[in-house]
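Chemist: Okay, predicted coordinates and the sequence, questions at the end:
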Amino acid sequence: MKKEKSCGALVYHTDSKGQVTYLLIQHKNGGHWAFTKGHVEGQESEAETALREIQEEVQLQVDLDQGFRHLTTYSPKPGVTKDVIYFVAQSQSQTVKTQVEEVLAYAWLPFDQALAQLSYPNDQAILSAAHDYLSKK
Ligand SMILES: Nc1ncnc2c1ncn2[C@@H]1O[C@H](COP(=O)(O)OP(=O)(O)OP(=O)(O)OP(=O)(O)OC[C@H]2O[C@@H](n3cnc4c(N)ncnc43)[C@H](O)[C@@H]2O)[C@@H](O)[C@H]1O
């Protein structure tokens, strides 16, 4: 079985009233709604991969919080197992410029709507864990 590894983050924004929204993207490869992420390149750390992918996919500067680190594993195609590590990352801005080669669409959504928009149950579980983590921070 071939192994792949990607890293990313649940990017969130808190407005002046304290309302939190999460950034979801629709991935071109599959058409699913999920979080920003991508394959680890060379000797990058997990955090370096997550920050690079956020920059490449949506061009946001974020504060990465490695206190939240969640792993999900799935099979992207037959014969391949993929580990994806997610952190949380705060963005001061909601101005997104998407990488057209990899991103079809994006949305900033409050927790309930983000949960409904996500394509996969394992991503929904990570969003719930992140929301719980941030509410106790
Ligand atoms: N080893 C490697 N190193 C570097 N680049 C590589 C590479 N292998 C492929 N690439 C290429 O790099 C590009 C993307 O690069 P990245 O941007 O670096 O890759 P990624 O987001 O981690 O994944 P990708 O878009 O490949 O697919 P995903 O797992 O979301 O989705 C894939 C499938 O899994 C499904 N899926 C996605 N999330 C899931 C989940 N949570 N649960 C179950 N299935 C899920 C999707 O529906 C879809 O069908 C692609 O063009 C790809 O071809």
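Modeler: Alright, I've got the coordinates. Numbers count the residues shown, from 1 in each chain.
Chemist: tell me which element Ala114 is part of?
Modeler: In the assignment (DSSP states H and E), Ala114 maps to helix 111-117.
Chemist: how far is the helix or strand that comes right after that helix from where the chain is centred?
Modeler: Using DSSP H and E, the helix or strand that follows helix 111-117 in sequence is helix 121-135. Taking Cα atoms, centre = their mean, to the nearest Å, one finds helix 121-135 lying 11 Å from the centre of the chain it belongs to.
Chemist: Is the ligand within reach of the helix or strand where Ser6 lies?
Modeler: According to DSSP H and E, Ser6 maps onto strand 2-14. Yes: using Cβ under 6 Å from any ligand atom, we find that strand 2-14 touches the ligand at 4, 6. Where you see a C-beta, it was placed from the backbone N, CA and C, and this is true even at glycine.
Chemist: Check which helices and strands that strand sits against.
Modeler: Helices and strands touching strand 2-14, by 3 or more Cβ pairs under 8 Å, 6 or more residues apart in numbering; DSSP states H and E, are strand 20-27, strand 36-39, helix 46-58, strand 62-74, strand 80-91, helix 121-135.
Chemist: Low-confidence bits of the chain, can you list those?
Modeler: Counting by pLDDT under 70, the chain contains no low-confidence residues.
Chemist: Can you pull the residues of it lying near the ligand?
Modeler: So the chain meets the ligand at 4, 6, 27, 29-30, 32, 34, 37-39, 72, 74, 76, 82, 102, 120, 122-123 (Cβ under 6 Å from any ligand atom).
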